[in-house]
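Novice: Mind folding the following:
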Amino acid sequence: MATAVLGILISPVVEVAKCLFVPLQIRIGYILNYQGNVDDLKTQTAELMRMRDSIKRDVDEARRRGEAINDDCIHWLTKVDGVELDLQMLDSHLGEGKNKCSDPCHPNLSTRYMLGKTAAKMVKLVLELQRDAKSISVSRPGPVPSIEMMPTSDFKAFESTKSAMMEILAALNRDENRIIGVYGMGGVGKTSLMKELAKQAKGRRIFDEVVIATVSQNPNQHKIQSEIAEGLGLRLIEESASIRALRLAARLKQERRVLLILDDVWERLELALVGIPSVEDHNGCKIAITTRSLDVCSEMDCDTNIMVQVLSEQDSWDLFKKVSGNVVDSPDLQDVAKQVAKECGGLPIALVTLGRVLKNKELSIWLDAAKALRLSIPVNIKGMHEKVFSCLQLSFDQAQSEEEKLCFLYCSMYPEDYDVQIEDLVRYSIGEGLFPDMETVDEARSRMRSIISNLKASCLILQSSKEGCIKMHDVFRDLAISIATSNDYSFMVKASTGLEEWPKKKYVMRMSLIDNEFRSLPSEADYPELVLLLLQNNRKLRVIPDDFFAGMTALQVLDLSHIPYVEAIPKSISCLTNLKALNIENNHIRDISALGELKSLEILSLRRSSFALFPEQLGQLTNLRLLDLTGSQIGIIPSKVISRLSRLEELYMWQSYSMWEVQESQSEGRATLAEVLYLERINSLYIHISKCNCLTEDITSRWRNLKKFHIHIGDGLSWQHTTRTRIMSFNIPDQDTVVHKPVADWAKRLVEATEELFLSQWKELWSLEQLQAGSLMSVKSLHIQRCGLRNGFSSTMLDRIGHLRELSFLNCSNLGEIFVSTGSDPAKDVLPRLTTMYLQDLPSLKTIWKGVAPSVCFESLIDVKVKYCMQLKSLFSSALAEALKHLESLEVSNCVSMKTLISKPFDEIQAGLMSWNTNSINTEAASLGFEGTKTLFPRLRSLHLIHLKNLTSLTETGILLDCPSLEQLAVIACPGLKKLPFEPQSLLRVNQIRADRKWFEDLEWDNGRTKLHLQKCLIDTSEA
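Specialist: Residues are numbered from 1 along each chain as shown. Modelled structure (predicted):
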């Protein structure tokens, strides 16, 4: 029992002793083995440092490869660096305690304990780090660099680039735009612009991801997919194009807003095949393409297209100076440097290339470069061919046909900055047989316009500000000349180069010597292969030697226009048996009978020339297809000359000859209208006929063949500019009584086919019914002045003018109403295409519409001007005003009887009703005695009321008008108008009001806020 009790008491004591002894043993071990622990630590740490150095080398190599270092590796290296630091501290303690610990008689037990314990713990940590090192993964493939890190040092923010960038960003922000087309000529800076735009779009968080991929002239689908995938951090390891596309599409759909920039697109790219989702699959994915061709934008179904323009002259100079250095501002260099920069035509690639090439060069080299550019031979300048022309020629090489390329080269034959007439190109190309499959001249013209459209879309040529013309960019002209003068095309282009002597080059097929300083030409020029020769604008040339053309028997196109001192055609012109196109315009050659020998001639232009007699010999030109005598002074055209031109398709005699007889029996040897109208192939006729009796004479004609005509009958007419192709005009003098007879069938049929009709001075024309035309449905523009009309259009006429778009009545003293309706169907759509109406000086006009206006009419009317209509008391009835939903501009001036713009029709007054819905009468209007507020003219932007002394209101009923689009208001000399009868919110949208300040201040105002707003927009007309 005692033993058991003793066991119970001793066991806990023993266990406690054990627990106390183990830590004591460990602590004693730290003291006894401190040196071994320290040595072991140094050994293991040295191994750890070796492992660390190896991993650091791996890290450095991974970073050089652009890989990302794993966090575990970075953390391990940090811990090892900490161990190394701890070991250094331990070494310092060892040095301090060395003497204390090494004395065998009096060892410092506490120091040994501390050092031994620290070393043991550090050994344990070092061993753990060594084990971890064996499983560490140093790196992984690096993330795709952010688009914001992309260098764009070649981008310069100039006005044109800033403008284009703002347009592109605005287009990308519009929900309806999914694909944006950015186009412009090669070298204009599209790629640099889009790189900068990509950085801004990502930096401003417009898109979550922005990716750029280059498509190039020969697109590689695999490469494009890879570029997009890499930009998104996606690895495409599959070889199958369809699988890659599916994976790419799935990755794109993960982004809520993503912008793909497809750079350098030359033809349609099937987005679905690449893996770019459609808008139905992902409406947050937007695409911007860059291209040199507007046609590619169309092929890619772009929702909006933005052109990147060349730099302005100032921006060009700033860029050029930045590249070439401020030394160009020195007095010696500035003039020539500015000349060089100007020759680059605002094209950045040329400015940068030349700026770098000429930087720090001597003045003589600058002068040589300027001369080379002026003479269009910049290939002599280092870098221009390799860097500029090689870039631009890609656009030329992409031309769709050899015809297109040749037309581009044709444009280079003119002087720099020249407005090239498209019609000249048409006639030259016919002469050279460029379009052999085109049966008519007009078909060739259409083909040329198509080519011009393609060249403009490809930015190879530019639109001129002059109608019917195009221009070439200076650098593209230099490129064209470089190509044209090669052996492939054999051009010689010396236009406007100051030549005084004939050039010596012999083998040449096309020669342009336009606008030079020749005073004489060689007696015989031997050019057996020459097919085209342009000599126009050599104004100092006095004579062309008789034998000059003898050695040019292959010549097909010749231009001798604007050589004022040459008075005779050289005899050797008869040697040009292959000549197809001849221009002799604006000259003083009196005798052109020698041209009758040119039996192959198809195009002959004698515009603005002068000769007393049109020679009978020209009747021998039986292959002639086009004869242009526009603006020429011709004394007599003999009969049966024009009629012998059996293949004539186009005859242009506007503002030249007008003394046509009607029939041969009346002709007395003069040409007749009958022989012109009976030409078998005639399809274009521009002619003036002074004798009005032709209107009532039956003439056998082929009027159905006429596709284009400008026919004027009567006295001279001040011709208005027009783009219509089928025009007739009548200017009938007072003394001509022949017009009382019925109009002949040929004239009626042409009126029915006319697009634009002018009627002037026809005092005996009481009604348009007198024209006896079955229909005026083809008439789009009708202009009537100084005629005897009593009304404009009767109910029956309204059905026959459905295509009318422009209408003007001027100085018709008897005109009482414009439109007359007698029981018309109120639902009938009347004049649905009419956009402009101009009424002026109509002293008898009492109403624009007499009778009940249909509920649907004038639905396209945009612009109305009414001036000097002295009896007009109101402009529109309420029903008519209700129909004008597209009216944008209304001007009423000098109508002294006008009291209101909008009247209440008699039938509405009688019934006591208004056709308008006035349920929305506001309290303010009702308290003022107004019937309510009505939204009228919802698109009206501009309203001008000028010199209307009796005008008291805009509506007879006093209703307030709400014109929600009104921006400009002019009220001048309208003293009876005491209040602006507009709903206040309408006036708050006005941004300009022109009026006399005193009249403005005296107006009655119900809303102070409205007056305050308009005061800020007021332009005081009393100060004008």
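Novice: going forward, measure contacts and count neighbours with C-alpha atoms only.
Specialist: Noted.
Novice: In stretch 858-872, which residues are buried?
Specialist: By neighbour count, and taking 16 or more other CA atoms under 10 Å as the criterion, the buried residues in stretch 858-872 are 858-872.
Novice: With stretch 208-223 instead?
Specialist: Applying a neighbour-count criterion of 16+ other CA under 10 Å, the buried positions in stretch 208-223 are 209-215, 221.
Novice: Run through the residues that contact Arg510.
Specialist: Residues counted as contacts of Arg510 (CA atoms under 8 Å, 6 or more residues apart in numbering) are 490-492, 530-533.
Novice: Which of those fall in strands?
Specialist: 491-492, 532-533 (DSSP state E).
Novice: Would you format the residues you listed as TSV with distance to Lys763, neighbour count and pLDDT included?
Specialist: Listed next are the ones in strands among the contacts of Arg510 as TSV, based on distance: CA to CA, whole Å; neighbours: other CA atoms under 10 Å; pLDDT from 0 to 100:
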residue	distance to Lys763	neighbour count	pLDDT
Phe491	59	25	93
Met492	59	21	94
Leu532	53	23	97
Leu533	52	20	97
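Novice: Now distance to Pro331 too, for those, in TSV please.
Specialist: Supplementary listing: the ones in strands among the contacts of Arg510 in TSV, determined by distance: CA to CA, whole Å:
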residue	distance to Pro331
Phe491	39
Met492	37
Leu532	45
Leu533	43
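Novice: Just grab the bridge partners of the residue nearest to the spatial centre of the chain for me.
Specialist: By CA atoms, centre = their mean, the chain has its centre lying nearest to Met307, at 5.5 Å. Residues in a beta bridge with Met307, per DSSP bridges, are Tyr183.
Novice: mind checking pLDDT for it?
Specialist: Reported pLDDT at Met307 in the predicted model: 91.
Novice: which residues of the stretch 101-250 of the chain score low on pLDDT?
Specialist: Counting by pLDDT under 70, the ranges of the stretch 101-250 of the chain that qualify are 101-116, 142-157.
Novice: can you pull out the helices in it?
Specialist: 109-133, 159-173, 190-203, 221-231, 241-253 (DSSP state H, counting those that start in this stretch).
Novice: Looking at the ones you listed, which one is packed in the most?
Specialist: Using mean count of other CA atoms under 10 Å, the stretch among the helices of the stretch 101-250 of the chain with the greatest mean number of neighbours is helix 190-203 (a mean of 21).
Novice: wait, what's in contact with the closest residue to Leu462 other than its chain neighbours?
Specialist: Nearest in space to Leu462, with sequence neighbours left out and distances taken as CA to CA, 6 or more residues apart in numbering, is Lys471 at 5.1 Å. Contact analysis of Lys471 by CA under 8 Å, 6+ apart lists 411, 417-420, 461-464.
Novice: can you tell me which residues contact Thr622?
Specialist: Thr622 sits next to 599, 644-647 when contact means CA under 8 Å, 6+ apart.
Novice: ranking those residues by neighbours, who comes first?
Specialist: Leu645 (24 neighbours; other CA atoms under 10 Å).
Novice: is it true that the residue nearest to the centre of the chain touches Ala164?
Specialist: Yes - assessed by CA atoms under 8 Å, Met307 is found in contact with Ala164 at 7.2 Å.
Novice: Tell me how many other residues surround the nearest residue to Gln620 once chain neighbours are set aside.
Specialist: If the residues on either side of it in the chain are set aside, Gln620 comes closest to Gly596, at 5.7 Å by CA to CA, 6+ apart. Per other CA under 10 Å, the neighbour tally for Gly596 reads 17.
Novice: and what of Arg447?
Specialist: 17.
Novice: Helix, strand or coil: sort out it for me.
Specialist: In terms of secondary structure, Arg447 is helix; the call rests on DSSP: H, G, I helix; E, B strand; the rest coil.
Novice: so what pLDDT did it get?
Specialist: Arg447 is assigned a pLDDT of 94 by the prediction.
Novice: now the one 5 residues further on
Specialist: In the predicted model, Ile452 carries a pLDDT score of 94.
Novice: Determine the three-state secondary structure at it.
Specialist: Three-state call for Ile452 (three-state DSSP): helix.
Novice: Now do the contacts for it.
Specialist: The contact partners of Ile452, taken as CA under 8 Å, 6+ apart, number zero.
Novice: Would you mind measuring from it to Ala484?
Specialist: 18 Å (CA to CA, to the nearest Å).
Novice: quick one, strands of the stretch 801-950 of the chain?
Specialist: If you assign secondary structure with DSSP state E, counting those that start in this stretch, the strands in the stretch 801-950 of the chain sit at 806-810, 817-820, 829-830, 836-840, 847-850, 856-857, 863-867, 876-877, 889-893, 900-903, 933-935, 942-946.
Novice: so where's the stretch 551-700 of the chain uncertain?
Specialist: Filtered on pLDDT under 70, the stretch 551-700 of the chain yields the residue ranges 664-668.
Novice: quick one: the strands in it?
Specialist: All strands of the stretch 551-700 of the chain, identified by DSSP E, counting those that start in this stretch, fall at 557-559, 581-583, 603-605, 610-613, 626-628, 633-636, 650-652, 684-689.
Novice: contacting residues for Ala881?
Specialist: Remark: with contacts taken as CA under 8 Å, 6+ apart, Ala881 is in contact with 902, 936-937.
Novice: Compute the distance between it and Pro545, please.
Specialist: Distance check for Ala881 against Pro545: by CA to CA, it reads 72 Å.
Novice: got it, and Leu750?
Specialist: From Leu750 to Pro545 the distance is 48 Å (CA to CA).
Novice: A helix includes Leu319, no?
Specialist: Yes - secondary structure assignment (three-state DSSP) places Leu319 inside a helix.
Novice: okay, now it: neighbour count?
Specialist: By other CA under 10 Å, the residues close to Leu319 number 20.
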